[in-house]
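[1] I would like to see how this sequence folds:
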Amino acid sequence: MRRRGFRLVFVVVTAAALALWPGATGAHHERPTHAPDGTGSVPAYRSSGPHLVVCKDDLADFSNRIATFPTQLKDLNIDLYAQCIDSGYRHLQAAVDHVTSPGTSILVLPGVYQEEPSLAPEPDSCQHIDAPVKVGYQILTYEQQKACPHQQNLVGIFGIKDLQIEGTGASPSDVIFDAQFQKLNVIRGDRTSGLYLRNFTAQRSTFNAVYVLEADGFVVDRVVGRWNTEYGFLSFASDHGLFTSCEAYGNGDAGVYPGGTSDINRERGADVPRYAIEVTGCHSHDNTLGYSGTGGDSNWVHDNEFDHNTGGASMDSLFPNHPGLPQNHALFERNLIHSNNANYYKYVRDGTCARPYLLRGIEKGVVCPATFVPVGTGVLVIGGNYNVFRDNWVYDNWKIGFVQTWVPGLLRDDNRLSSQGETSHYNRYLGNHMGTSAGGDRLPNGIDFFWDGEGTGNCWQTAATDVVQPLALPACPAGGQHRFISDPNTVVLFADCSGYDLAKRAFPAGCDWFDAPPRPGSVGVSANIEIVAPAIQLIALLLLCVLLVRRTGRLGPLSLAALVLVGLGSVLLVAASLNQLYYLAAPGAAVLGIGWLAAVRLVPTERLAVLTLLLGVVALLEAVDSGVVLIPSPIGPVWIRVMLEVVWVGWTAVVLVRSQRSPRTAA
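    So this is what the prediction gives:
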């Protein structure tokens, strides 16, 4: 019963904090999906078997494109070109439409493919589809997608098994599929188990370069996804997937997004027999996010480089209508996650992102952030369980290296009581190299590890030189006890910052996520909405303490000590709300606690004196909790202090007012 009582208090506090939380934006909307049964496998690359050939019929252009190829590759392309002119296709979609059996390969010769037939008006029936609309596009069923493949897709692949599409150039840039911002997806593979995509570039969609949905087995190999308004590569509700040697840049959300993954390990603890999606050898740079995974369950992400994005990588349980939430069981290891300080929000502020797509300059480096990501972050875990981060090189991220925060189920439209505290638990951070490049250069993060304090079983393996917030992080392997809710300032900050909206050019006041943080080691501090509550506390406590001292009629040593200590502690807590001075929170609470103890004799009633004494004890416990070791409590002492302070301020104000009206009443 006591545990249920704590949960009820937690839900009430959470609901109050989230009352001003805007509706979640970002992620992506899709029809109700069903993950495959997991009986498939990762397809292997084929160099033989039945094939179709695709080419353009401009011989001069083709000859120019292959002129510098190695002799053997050049001769192969010449032979294939002759075959293509005789019996091949001029558009990839035409070849896809003529696949008659599983195991077919489509060889695409060097050239730029704009798939002009896909841009032609579709039948009238496709112009009047009965389907819901989300963020500007219809959410079509599989049958509707298949019947109208080009309402949203430049190339639509539906239900074909074991299809391989390969560019025959020397590099991915030799074969380009270009949607010219006229289609939602460049290439969509829907229920196409065994799909293998290799050696080409997909670009300029209004959502995704490559989108794989409900597939049991797929590979994206040596493919470039660039200049898309949302994702470079998106897989959803899929299993046995592999992204390898890919490159993604210039995308408005994430370069690589294996989301809503087949949730094969949900009922398991730390023991993971296999992963559903593997991402390896990829370079994702100059996007809003290098990697994203809403519901990115059982993803193995290793030996990649995520750099020069706004944020390096994120996995979350934020958005509704994604299978597999809360996110769980991702393994990140041996990745280079660095220099993610790109501030693309300037293009939203100056109106560049409000221009038509072709006039924005996306191909010249303009990125229009589709979602809210703090500038200068390495990895964000925004509601996830049983994730492991080990042996990664995380450096030169000016705000924070690793962020872990809680997400209540209310944000993803899950109102069950049990869902409000189901993240983030049992995440482990092991042997990561913080603030140092793989070559040994010292390039510090602003803060190496940040934790909002919520969750159970989380642990951090840190070095003496690591900068951590709070100072008392649970060490591995033991982890920490359960906390139902995070620090109140963190709750307020996230509620405020989620008000970002690209279309409306809305930047929430009091949020510093959308400004470039100062380089670590440089002079400068940044303030945000977290400073409001400590500032109000400072003013209220100082005013009331001065009035209490004035009421006694004399300023004795104890009164002076109480006044100074309460003021100094409050000032330190205000300073601690500034990002670069967070370490002052523990001493601030300690000084404030001593001040409360000194103020016991100042208050005019016995009951108020008991409350003041209790406040002093709780503030000292808060100092221990944030600076020395976590106290085994389902709610952090900071919450208790804040609630008691609100009562104390109101009570003291009433007593002082009454004492002015009638001294006998005050007595």
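
[2] from here on, contacts and neighbour counts on C-alpha atoms
    Noted.

[3] so where do the helices sit in the stretch 451-600 of the chain?
    488-497, 532-552, 557-576, 585-598 (DSSP state H, counting those that start in this stretch).

[4] Would you mind finding the most buried of these?
    For the helices of the stretch 451-600 of the chain, average neighbour numbers computed from mean count of other CA atoms under 10 Å are highest in helix 585-598, which has a mean of 25.

[5] Beyond that helix, next helix or strand please.
    Next helix or strand after helix 585-598 toward the C-terminus (DSSP states H and E): helix 606-627.

[6] before we move on, back to that, could you redo the helices of the stretch 451-600 of the chain as TSV and give each row mean pLDDT?
    Formatted as TSV, the helices of the stretch 451-600 of the chain follow (pLDDT from 0 to 100):
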stretch	mean pLDDT
helix 488-497	82
helix 532-552	85
helix 557-576	88
helix 585-598	92
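
[7] Checking the residue most central in space within the chain next. Helix, strand or coil?
    The residue lying closest to the centre of the chain (CA atoms, centre = their mean) is Ser314, at 3.4 Å. Three-state call for Ser314 (DSSP: H, G, I helix; E, B strand; the rest coil): strand.

[8] Double-check it against Tyr291; I have them as touching.
    Yes: in this structure, Ser314 is within contact of Tyr291 by CA atoms under 8 Å, at 6.1 Å.

[9] so where is this protein shaky, pLDDT-wise?
    Along the chain, the model assigns pLDDT under 70 to residues 1-27, 523-525, 553-554, 661-667.

[10] longest helix of it?
    helix 637-661 (DSSP state H).

[11] could the helices of the stretch 451-600 of the chain go into TSV alongside distance to Pro444?
    Formatted as TSV, those follow (distance: least, CA to CA, whole Å):
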stretch	distance to Pro444
helix 488-497	23
helix 532-552	29
helix 557-576	20
helix 585-598	22
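
[12] so which of those helices gets nearest Asp263?
    helix 488-497 (27.1 Å; CA to CA).

[13] Which strands and helices lie in contact with the closest one?
    helix 2-17 (3 or more CA pairs under 8 Å, 6 or more residues apart in numbering; DSSP states H and E).

[14] on that earlier part again, in contact with the residue nearest to the centre of the chain, which residues?
    289, 291-293, 379-382 (CA atoms under 8 Å, 6 or more residues apart in numbering).

[15] ok, those vs Gly269, which is closest?
    Nearest member of the contacts of Ser314 to Gly269, counting by CA to CA, is Val381, at 17.9 Å.

[16] Specify the beta-bridge partners of Val133.
    When bridges are called by DSSP bridges, Val133 pairs up with Gln138.

[17] Next one: it from Ala209, what distance?
    As judged by CA to CA, to the nearest Å, Val133 and Ala209 stand 21 Å apart.

[18] Compare these two (neighbour count), which wins?
    Ala209 (36 against 11; other CA atoms under 10 Å).

[19] So which elements touch the longest strand along the chain?
    For the chain, the longest strand by residue count, based on DSSP state E, is strand 216-226. The contact analysis (3+ CA pairs under 8 Å, 6+ apart) places strand 216-226 against strand 195-203, strand 208-213, strand 231-236, strand 239-244, strand 247-249.

[20] Take the ones you listed and write them to JSON lines, including distance to Ala94.
    Below are the helices and strands packed on strand 216-226 laid out as JSON lines (distance: least, CA to CA, whole Å):
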{"stretch": "strand 195-203", "distance to Ala94": "17"}
{"stretch": "strand 208-213", "distance to Ala94": "18"}
{"stretch": "strand 231-236", "distance to Ala94": "23"}
{"stretch": "strand 239-244", "distance to Ala94": "26"}
{"stretch": "strand 247-249", "distance to Ala94": "27"}
